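> sequence unknown, structure follows:
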């Protein structure tokens, strides 16, 4: 008989500790509530244990940060976003097409939105002491409508993410403070 070794994953799996912001009617996902591809390896990401500290991208060529929200209601619209900034020495973002995606349930249709404000404002965002929400007003809102005709046995978990997986170029210096899902 052979003993199996526990293998540490190179991905970071989210804990479920989102916070409710009653004023905004939003749920806020701190970095520990998000999934980070390559987040289990500190060469690529530093995932904080403290809620007030952002996750820091050290380097990846495949950016994939995802979350899920299961408190959606049929017939309602939800706005999705991330609060980010960049370190002063961030690189690889000027030509990297950043997108957000969302879908309802595993079999739902994925909606994609290009987040041009990251590329257009990278120099302004570098070394920023105040994080910004993306998408911003130049991108327009990223909203998902939940059909009022949801089947009884249909999965209704809202799955969302932030991606740059197309260029294969190394990116560094992204700081993710949180993600949010807000009822509109």
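Received it, and whenever you're ready, just let me know what you need. A quick note: this is a predicted structure, and the numbers were derived from the prediction, not measured. Residues are numbered from 1 along each chain as shown.

> what's the spacing between residue 157 and residue 105?
Residue 157 sits 6 Å away from residue 105, going by Cβ to Cβ, to the nearest Å. Bear in mind the C-beta positions are built from the backbone N, C-alpha and C, glycine included.

> check residue 181 too.
15 Å.

> show me which of those two is the more surrounded one.
residue 181 (23 against 15; other Cβ atoms under 10 Å).

> where does the more buried one land in three-state SS?
The local conformation at residue 181, judged by DSSP: H, G, I helix; E, B strand; the rest coil, is strand.

> partners of the nearest residue in space to it that is not next to it in sequence in the sheet?
Among residues not flanking residue 181 along the chain, residue 69 sits closest, at 4.6 Å (Cβ to Cβ, 6 or more residues apart in numbering). Residue 69 forms beta bridges with residue 158, as assigned by DSSP bridges.

> list the contacts of residue 69.
The neighbourhood of residue 69, defined by Cβ atoms under 8 Å, 6 or more residues apart in numbering, consists of 18, 27, 29, 78, 157-158, 160, 181.

> just the helices in the protein please.
Remark: helices assigned in the chain by DSSP state H are 116-120, 122-125.
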